[in-house]
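[1] Sequence and predicted structure, then a few things I'm wondering about:
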Amino acid sequence: MKNTVKILALAILFAISYQSLAQTFGIKAGLNLANMTMKDDDETYSDDHKMRPGFYAGGMVDITLVNSLSLQTGLFLSQKGYKYDKNDIKSNTSLLYLEVPATANYRFDAGKAKIYVEAGPYLGVGLGGKWKYEEDGESESESIKFGKDENLKLLDFGLRVGGGVEVNAIQIGIYYGLGLANISHDSDGGYKMTNKVLGFTLGYWFGNKE
């Protein structure tokens, strides 16, 4: 718990420090279609997983570097996980992260709008989650905790790529986040559990943004 508080505090200070230098800040929210990859050296166990809808919301900061190139970061609540529904067995895993992306954004004019592309790393801190399981009419559920001696590792990190369009203060975007961190404590036989998310977002910039 202490480590979680320290990491969250550092993330908040990181965002605030950049915001003080930024030309523009805004808010963003959207839909996550999340899934997870689970595999070891011999087999993949997640082929039958399905995307789980979730939310994505937070504040964003845009820092102009040169001309049309900027650094974009912020603090976001990002819901991840996966669903399984096969042979009368259903399961739903929901994971909530506090996420800090740091993407390089390049914009170019397209009439009255601007098209942008983005790429860069992200860091996520697990806040909590829930696992639900149902079979033959019987169901059970369990809370998921993050940490050294808990269900899953505290930190997630990976790469994010995306793009979209900006019209005046409105930003409409799509992104894909590929987790590179094994969030499972179990690594026997090369076992890995990683996040992946396809997201659709709508953002609004406060103030003028060039």
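    Looks like it arrived, so ask away. Treat the numbers as computed from the prediction; the structure is a model and nothing was measured.

[2] Residue nearest the middle of the protein, spatially speaking?
    Nearest to the mean C-alpha position of the chain, by C-alpha atoms, centre = their mean, lies Ser78 at 4.9 Å.

[3] Correct me if wrong: that one contacts Tyr97.
    Yes. Here Ser78 lies in contact with Tyr97, judged by C-beta atoms under 8 Å, at a distance of 4.8 Å. For the C-beta atoms, the positions are set from N, CA and C on the backbone; glycine is no exception.

[4] quick one, strands of the chain?
    In order along the chain, the chain carries the following strands (DSSP state E): 24-39, 52-66, 69-86, 89-110, 113-135, 138-144, 155-167, 170-179, 192-206.

[5] Reformat these as TSV; add distance to Ser46.
    Listed next are these as TSV, based on distance: least, C-beta to C-beta, whole Å:
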stretch	distance to Ser46
strand 24-39	4
strand 52-66	12
strand 69-86	7
strand 89-110	11
strand 113-135	15
strand 138-144	17
strand 155-167	16
strand 170-179	12
strand 192-206	9
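
[6] Turn those strands into TSV, including distance to Tyr45 and mean pLDDT.
    Shown next, in TSV, are the strands of the chain (distance: least, C-beta to C-beta, whole Å; pLDDT from 0 to 100):
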stretch	distance to Tyr45	mean pLDDT
strand 24-39	4	96
strand 52-66	16	94
strand 69-86	10	95
strand 89-110	12	96
strand 113-135	15	96
strand 138-144	18	93
strand 155-167	19	97
strand 170-179	16	98
strand 192-206	9	97
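
[7] Mind checking the ones you listed for the one nearest to His185?
    Evaluated with C-beta to C-beta, the strands of the chain place strand 192-206 nearest to His185, the distance being 9.4 Å.

[8] Nothing else from me, thank you.
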